[in-house]
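In: just the structure for this:
(chains A and B)
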Amino acid sequence: MATYKKEFLLDMFMRMNCARYFEEKIAYLFSRGLVHGTTHLSIGQEGSAVGACMALNEGDLVSLTHRGHSQAIGFGLDIDIMMAELLGKKTGYCKGKGGSMHIADIDSGNLGANGVVGGGYALSAGAALVQQYRETGKIVLCFGGDGSVNTGNFHESINLAAIWDLPLIFFIENNQYGMSMPVKKHLKIDRIARKAESYGIPGMTVNGNDPLDVYEGVKKAAEHARNNKGPVLVESITYRWQGHSKSDAQVYRTKEEVEKWKEKDPIKRLGNYILSHGIVKEQELYDIMAEAERWIEEAYEFAQESADPPFEEVLTDVYVEEVSR
Amino acid sequence: MSTETMTYRDAIKLAIAEEMRRDDNVVLLGEDVGEYGGAFGASVGLLEEFGEKRIKDTPISESAIVGTATGAALAGMRPICELMFMDFVTIAMDQLVNQAAKLRYMFGGKAKVPMVLRLPGGSGTGAAAQHSQSLEAWLCHVPGLMVVYASTPAEAKGLLKSAIRNDNPICFIEHKLLYKTEGEVPVDEEYTIELKKSFVKKEGTDVTIVSYGAMLHKVEEAAKYFEGAGISLEIIDPVTLYPMDMEPIIESVKKTGRLIIVHEAAKTGGLGGEISARIAESEAFDYLDAPIIRLGGLDVPIPYNRNLEKAVVPSEEAIKEAVLKVLNR
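Out: Presented below is the predicted three-dimensional model:
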């Protein structure tokens, strides 16, 4: 049984709470009509996203999905700048031009969230090729969802990564639904991880609602990828508490099912682990939660006070105008 | 500038080799580009010089080829990828249109995608409907992409080198009928051709003809024919089809008062319509002495039979007729 440092566990707990409060805030803002467009929430999946990101080393890269807020926060993106992007502000990660589905920060190794289901797989393979080519020792953690494993891009990219032994983890968050279609209906096999065998690479399943199980699994996968042994497929079993997007009436599932999964709350699970191992007293966890909530409120204030991008911005950034070399 | 006679195909290969020697961030990805040397031989010998690490054979996975190149470009390299036929760009459209073209804008200018996608296009090889298309107009409808069309061996070298050095995702179209054509090509390793610039290939006074690709050569033949009859054609090769430099075309039409656009791509929705509309919107409109004529491919898939295939794209005869018609003769 692995033992964890206090700082590590509290950091994990903090990131998960930040993700939870961030998305609850976003849900609230949408319900009040204070944000335009749409958004895809990952409430309930924080253990999966944060656990996976925390298994990475400094300098490793990630590619996120359209349901990417927890992934981005897990990776350590700045909450103020993320919130500003969701509000379409000039101070956001993409100057307000990307929004919820395109949060990216190339300099820090975040290759971007992707609005196209399965759209990030080949991009990740390309980024992993660069690491292999330059022998950087870095790996790419590519997030995907259960629905995306039925796209051609998944198949093409995982096969390419496998034959080239790319340092890449295909991390599939199986949250039980591709929009409304249950995974049991959209896949004939019982475990997505089993697909790995057909590409000649290792596959594993982790409990996505247990961030420590996710962490351990991804750590192992990362070691494999980092040692030039090629990609790994990790399936993380989890559940999305909210609808697919803000306009989802959720007619395809029962309240009872959702309630049953809420009992497996990954944040509570980690909290209980921390308490049962005597890492800190309960009050300290409440303090962390309060701090996370306060950070989100401050992020919202920062975003609200930020300016919209000027109209001239509409025409910039289509091309790199100058030749670089 | 010292030159060497070489084929269009060898000029492409030379451009790739020179840029790969110059910058180790340049790699080549594609189906059968290694040992086989590419379906049209444009990478024969490159594997021997650069090795498997830089000349990478891919599985038959067009979407992953373009996506992997896009991701590699995003993460700091300068990949060139080859799709065996331009027709197969349809399979890679998501990665090209939704990813490569948009990442920079979506990410607020904090990313760049220096990638070249080589696309052998065009008809005339008896390859029928799925291996003969000219789909440049599709690509020219996507802001964020650049579309470049090389029509001669010298252009192939100079443009491809510029494209590889450019920081944007560039669709580089090569016409399959041109691979074996020969021409004088500058051997200077710093020989490049400026992108986003249209070129007057031949000066003239009576009719402006805009054309590119294999059609450009038919237009040049027509121009020679008319020289004898005292009719002077001005020929403009836009080269970068998107974003297109309209200034030389506008200036030319102001001089000649007559415009014909010739391309192989299906006429409906083709670039001829865009160029016509831009002339109609420009100051050159007032100088027009005759309606603009567009010569494009027939609006049909490319047929297999040799005679039918020929009938689909504008012929030299059709170009001559159009010249006489626009001159009202």
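In: could you use CA atoms for every contact and neighbour count after this?
Out: OK.
In: could you measure the residue nearest in space to the middle of chain A against residue A:173, distance?
Out: Nearest residue to the geometric centre of chain A (Cα atoms, centre = their mean): residue A:71, 2.3 Å. Distance of residue A:71 to residue A:173, given as Cα to Cα, to the nearest Å: 11 Å.
In: near chain A, which residues of the stretch 51-200 of chain B are found?
Out: B:53, B:58-59, B:61, B:63-77, B:94-95, B:98-99, B:102, B:104-112, B:143-144, B:165-168 (Cα under 8 Å from any Cα of the partner chain).
In: any idea where the helices of the stretch 51-200 of chain B begin and end?
Out: Using DSSP state H, counting those that start in this stretch, the helices found in the stretch 51-200 of chain B span residues B:62-74, B:93, B:103-106, B:136-139, B:153-165.
In: how about residue B:101: what's its closest non-neighbour residue?
Out: Using Cα to Cα, 6 or more residues apart in numbering or on different chains and skipping residues adjacent in sequence, the residue nearest residue B:101 is residue B:144, 4.4 Å away.
In: residues contacting that neighbour?
Out: By Cα atoms under 8 Å, 6 or more residues apart in numbering or on different chains, the contact set of residue B:144 is A:318, A:319, B:100, B:101, B:102, B:104, B:105, B:168, B:169.
In: next up, phi/psi of it, please.
Out: phi 110, psi -30 (degrees, to the nearest 10).
In: by proximity to chain A, which residue of the stretch 101-250 of chain B wins?
Out: Relative to chain A, the nearest point of the stretch 101-250 of chain B is residue B:108 (4.0 Å; Cα to the nearest Cα).
In: what's the burial count for that residue?
Out: Neighbours of residue B:108 under the rule other Cα atoms under 10 Å in any protein chain shown: 24.
In: gap between it and residue B:56?
Out: For residue B:108, the distance to residue B:56 - Cα to Cα - is 32 Å.
In: does the residue nearest to the centre of chain A lie in a helix or a strand, and which?
Out: helix A:69-75 (DSSP states H and E).
In: how about that helix as CSV, C-alpha atoms only?
Out: What follows is helix A:69-75, C-alpha atoms only, in CSV (Å, rounded to 0.1, in the frame of the first residue of the first chain):
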residue,chain,number,x,y,z
HIS,A,69,-12.3,22.3,-16.8
SER,A,70,-11.2,19.7,-14.2
GLN,A,71,-8.5,18.5,-16.5
ALA,A,72,-7.1,22.0,-16.9
ILE,A,73,-7.3,22.8,-13.2
GLY,A,74,-5.8,19.4,-12.5
PHE,A,75,-2.9,20.3,-14.8
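In: what does the helix or strand that contains residue A:304 contact?
Out: Per DSSP H and E, residue A:304 falls inside helix A:282-305. Here helix A:282-305 makes contact (Cα under 8 Å, 6+ apart) with A:13-14, A:17-18, A:21-22, A:25, A:79-81, A:83-85, A:87, A:89, A:91-92, A:271, A:275.
In: switch the cut-off to 6 Å
Out: Residues outside helix A:282-305 that contact it (Cα atoms under 6 Å, 6 or more residues apart in numbering or on different chains): A:18, A:21, A:22, A:80, A:83, A:84.
In: next one: stretch A:189-197
Out: Against stretch A:189-197 from outside (Cα under 6 Å, 6+ apart): A:202, A:203, A:204, A:233, A:235.
In: tell me how far it lies from the chain's centre.
Out: Distance of stretch A:189-197 from the chain centroid (Cα atoms, centre = their mean, to the nearest Å) equals 21 Å.
In: mind listing what's buried in it?
Out: Across stretch A:189-197, burial judged by 16 or more other Cα atoms under 10 Å in any protein chain shown covers A:191, A:192, A:193, A:194, A:195, A:196.
In: farthest pair within those residues?
Out: A:191 and A:196 (10.1 Å; Cα to Cα).
In: so what's the residue lying closest to residue A:70 once chain neighbours are set aside scoring on pLDDT?
Out: Computed as Cα to Cα, 6+ apart, the closest residue to residue A:70 that is not its neighbour in sequence is residue A:19, at 5.0 Å. Predicted confidence (pLDDT) for residue A:19: 98.
In: in three-state terms, label residue A:19 for me.
Out: For residue A:19, the assignment made with DSSP: H, G, I helix; E, B strand; the rest coil gives helix.
In: any idea how far chain B is from it?
Out: Distance, residue A:19 to chain B, using Cα to the nearest Cα, to the nearest Å: 21 Å.
In: now swap in residue A:232 and tell me
Out: 17 Å.
In: hmm, back to that, any chance of the buried residues of stretch A:189-197 in a markdown table with pLDDT and distance to residue B:309 as columns?
Out: A markdown table is the format used below for the buried residues of stretch A:189-197 (pLDDT from 0 to 100; distance: Cα to Cα, whole Å):
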| residue | pLDDT | distance to residue B:309 |
| --- | --- | --- |
| A:191 | 97 | 51 |
| A:192 | 98 | 48 |
| A:193 | 98 | 49 |
| A:194 | 98 | 49 |
| A:195 | 98 | 45 |
| A:196 | 98 | 46 |
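In: would JSON lines of the residues you listed with distance to residue B:183 and secondary structure be doable?
Out: What follows is the buried residues of stretch A:189-197, written out as JSON lines (distance: Cα to Cα, whole Å; DSSP: H, G, I helix; E, B strand; the rest coil):
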{"residue": "A:191", "distance to residue B:183": "59", "secondary structure": "coil"}
{"residue": "A:192", "distance to residue B:183": "55", "secondary structure": "helix"}
{"residue": "A:193", "distance to residue B:183": "55", "secondary structure": "helix"}
{"residue": "A:194", "distance to residue B:183": "55", "secondary structure": "helix"}
{"residue": "A:195", "distance to residue B:183": "52", "secondary structure": "helix"}
{"residue": "A:196", "distance to residue B:183": "51", "secondary structure": "helix"}
